[in-house]
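A.B. asks: just to be clear, the model below is a prediction. Sequence and coordinates:
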Amino acid sequence: MSPDARVLTEWFAKRARPLPWREPGTSAWGVLVSEIMLQQTPVARVEPSWHEWMARWPVPSALAAASPADVLRAWGKLGYPRRALRLRDAAAAIAITHNDVVPSDVDTLLALPGIGAYTARAVAAFAYRKRCPVVDTNVRRVIARSVHGAGDSGPASTTRDLADADALLPADDELAAQMSAALMELGATVCTARNPRCADCPVFDDCAWQQNGRPAYTGPVKPVQKFAGTDRQVRGLLLDVLRDTSSPVPKSRLDVVWSEAGQRERCLDSLLVDGLVEQTTDGLFALPGDQ
DNA sequence: CATGCGTGGAC
DNA sequence: TGTCCAAGCAT
């Protein structure tokens, strides 16, 4: 009553999308960069940026040597730009502490900025081909349905989710890595959040959700994230101004992006605190490192 | 454990 | 011109 490793890995070999960071020969650094970019950002928007980053910063030390301003501009509109700064910080730590080699050990990876439970295990599994349970939103949904027979996954629980995924993995390292990738791919392309394509599912016959009659999700409602009018929108508008200028700007250039002064000031302050914006000695504003 | 953190595409 | 969702993380 759960997805079979052989069935799923054979499906993956035939049907998986040809994503560039999955190509044989991709460096662990390339895998790490892809994983950070893919946190909450769709594949289609990540692909072009990933190619640019790999050409420009092929090793961690190269990214570490770049200015935050250059990194933030290259990040562009992938969203959540703090990820870009943390990736640069992680690259510096890798360059200095690990001889420019991305660690393969989960606990060592977890100690790096911006790398959490998912990303650490994804690097171990996909770059180093380890038997290491990888749990993202796709895997949680696939397990909720195919194993537990529920309509969707409830709130995340790292310990329980890892145990669920671990139980599905075969003993062999390489096969387990393929299985982890296959579970993610299944959730991303077939066992989707809305309108799952069950007719195309390789594990249809082993799916507990099917056998339960596809019950609707009954757990706690996940809160929907608003965007319009939030600080996230205002921060994005402020950063947009600074990404597009080559020299520091007076505050008046920032003031025009949002009419409510209180919120605008709060957002600018938080960007300064986050290290996403810098104020020059003459009181102008710029991306950090833009003088 | 709940929130806040960007952005844009698909319905 | 609304809602949901997308390979999470830090606090």
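C.D. replies: That came through, no problem.

A.B. asks: identify the residue of chain A closest to DNA strand C, quick one.
C.D. replies: Among the residues of chain A, residue A:116 lies closest to DNA strand C, at 2.6 Å counting by C-beta to the nearest atom of the strand. Just so you know, the C-beta spots here come from the backbone N, C-alpha and C atoms, and that holds for glycine as well.

A.B. asks: pretty sure that residue sits against residue A:110.
C.D. replies: Yes: contact criterion C-beta atoms under 8 Å: residue A:116 and residue A:110 qualify, at 7.2 Å.

A.B. asks: from DNA strand B, how far off is residue A:20?
C.D. replies: Distance of residue A:20 to DNA strand B, given as C-beta to the nearest atom of the strand, to the nearest Å: 19 Å.

A.B. asks: tell me who's in contact with that residue.
C.D. replies: Residues near residue A:20 by C-beta atoms under 8 Å, 6 or more residues apart in numbering: A:26, A:47, A:50-51.

A.B. asks: let's see it at 10 Å
C.D. replies: Residues near residue A:20 by C-beta atoms under 10 Å, 6 or more residues apart in numbering: A:26, A:30, A:34, A:46-47, A:50-51, A:54.

A.B. asks: same thing with residue A:204?
C.D. replies: By C-beta under 10 Å, 6+ apart, the residues touching residue A:204 are A:146, A:190, A:198, A:210.

A.B. asks: what does residue A:89 give?
C.D. replies: By C-beta under 10 Å, 6+ apart, the neighbours of residue A:89 are A:63-64, A:68, A:112-114, A:275.

A.B. asks: can we see that at 8 Å?
C.D. replies: Counting by C-beta under 8 Å, 6+ apart, residue A:89 has contacts A:112-114.

A.B. asks: flag every residue of the stretch 51-200 of chain A that's near DNA strand B.
C.D. replies: Within the stretch 51-200 of chain A, the residues that sit near DNA strand B (C-beta under 7 Å from any atom of the strand) are A:77-82, A:155, A:157.

A.B. asks: list only buried entries from these.
C.D. replies: Applying 16 or more other C-beta atoms under 10 Å to those, the neighbour count classes A:78, A:81-82 as buried.

A.B. asks: now do the same contact list for residue A:11.
C.D. replies: By C-beta under 8 Å, 6+ apart, the contact list for residue A:11 reads A:182, A:186, A:202.

A.B. asks: tell me how far the first one lies from DNA strand B.
C.D. replies: If you measure residue A:182 against DNA strand B using C-beta to the nearest atom of the strand, the figure is 22 Å.

A.B. asks: pretty sure that residue sits against residue A:14.
C.D. replies: No: using C-beta under 8 Å, residue A:182 is not in contact with residue A:14, being 10.7 Å away.

A.B. asks: neighbour count: these two, which is higher?
C.D. replies: Shown here are residue A:182 and residue A:14; by other C-beta atoms under 10 Å, residue A:182 has more neighbours (25 against 8).

A.B. asks: what sits against that one?
C.D. replies: A:8-9, A:11-12, A:16.

A.B. asks: give me the neighbour count for the residue of chain A closest to DNA strand C.
C.D. replies: Neighbours around residue A:116, by other C-beta under 10 Å: 12.

A.B. asks: roughly how far does it sit from DNA strand B?
C.D. replies: Counting by C-beta to the nearest atom of the strand - residue A:116 and DNA strand B are separated by 10 Å.

A.B. asks: list the contacts of that residue.
C.D. replies: By C-beta under 8 Å, 6+ apart, the contact list for residue A:116 reads residue A:110.

A.B. asks: so what's it scoring on pLDDT?
C.D. replies: As predicted, residue A:116 sits at a pLDDT of 98.

A.B. asks: where do the helices sit along the stretch 101-250 of chain A?
C.D. replies: Under the criterion DSSP state H, counting those that start in this stretch, the stretch 101-250 of chain A contains helices at A:106-110, A:117-122, A:137-146, A:158-168, A:173-189, A:208-211, A:231-243.

A.B. asks: looking at those helices, which is buried most?
C.D. replies: Across the helices of the stretch 101-250 of chain A, averaging neighbours per residue (mean count of other C-beta atoms under 10 Å) puts helix A:137-146 on top, at a mean of 24.

A.B. asks: residues in contact with it: which ones?
C.D. replies: By C-beta under 8 Å, 6+ apart, helix A:137-146 touches A:1-3, A:150-154, A:156, A:161, A:164-165, A:168, A:180, A:183-188, A:191, A:193, A:196, A:203, A:206-209.
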